[in-house]
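> Sequence and predicted model, in that order:
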Amino acid sequence: MTDTQSTRERLLESAMRLFGERGYKETTVAEIEAAVGLSPGSGSLYKHFSSKEQLLAAGVDAVLADRGKLLRTLEPGDIPDRESTAEWQAFMQSVAVAGLQRMERDRNINRLLFRGLQDFPDLVARYRDGEIVANHHVISAMLRSFGTQQGVEVDWPAIAAVVVGATAHYWLLADLFGTHPSGVSEERYTRAVALLVTLLLTGPATDP
């Protein structure tokens, strides 16, 4: 938190952190108020949010409102030519890095998905469509622009699901254990993702 943040912003930031660390039900309004220096149990939170649930919804909306960095990474003008293997591999690694950074920046809501957010199906659906589905659509469209591989039609939406899912799984395990249990660093992981997709683009195609 910074000195320039409003009380509402500080409440929102502290609440999402506590929700992510402890769970939604386990976090009380008094604890949120105390976290920002307000008198616990004073009801000061209700001057800014009508309820704890409305505070949670505002936190989800704040995450969805800022998807710029990952989308900027995937701007069409920045995508290298398919034949430029080294450039493509560097680009794909930057996509994987941006995905991990996005997961880390929004670690509170990522944790909350398993700690109480399931009790709010409308919010889960909003996050699913606005974040997970939207990210998959963008990456899928980017990959699909390459069309066929060695004359064989590649299922790029499925490849995008593999890339997005693997990146999310890597982050979740690293967050749970403090470091990824495999011992593979983020830098090695993102290089591996880039290499695998690059090989798919440049190597022999298979069609199971």
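Everything's here; your move.

> which residues sit in contact with the residue minimising distance to the centre of the chain?
Centroid-nearest residue in the chain: residue 103, 3.7 Å away (criterion: CA atoms, centre = their mean). Residue 103 makes contact with 110, 167-168, 171-172, according to CB atoms under 8 Å, 6 or more residues apart in numbering. C-betas here are computed from N, CA, C, even on glycine.

> Ok, residue 171 next?
Contact analysis of residue 171 by CB under 8 Å, 6+ apart lists 100, 103-104, 110.

> ok, of those residues, which come out buried?
Buried subset of the contacts of residue 171 (neighbour count, 16 or more other CB atoms under 10 Å): 100, 103, 110.

> Now do the residue lying farthest from the centre of the chain against residue 59, distance only.
Distance from the C-alpha centroid of the chain peaks at residue 42, with 34.6 Å (CA atoms, centre = their mean). As judged by CB to CB, to the nearest Å, residue 42 and residue 59 stand 21 Å apart.

> Give me the buried positions along the particular helix or strand that has residue 127 in it.
Using DSSP states H and E, residue 127 maps to helix 121-127. Using 16+ other CB under 10 Å as the test for burial, helix 121-127 gives 123, 126-127.

> could those residues go into TSV alongside distance to residue 179?
Shown next, in TSV, are those (distance: CB to CB, whole Å):
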residue	distance to residue 179
123	30
126	32
127	26
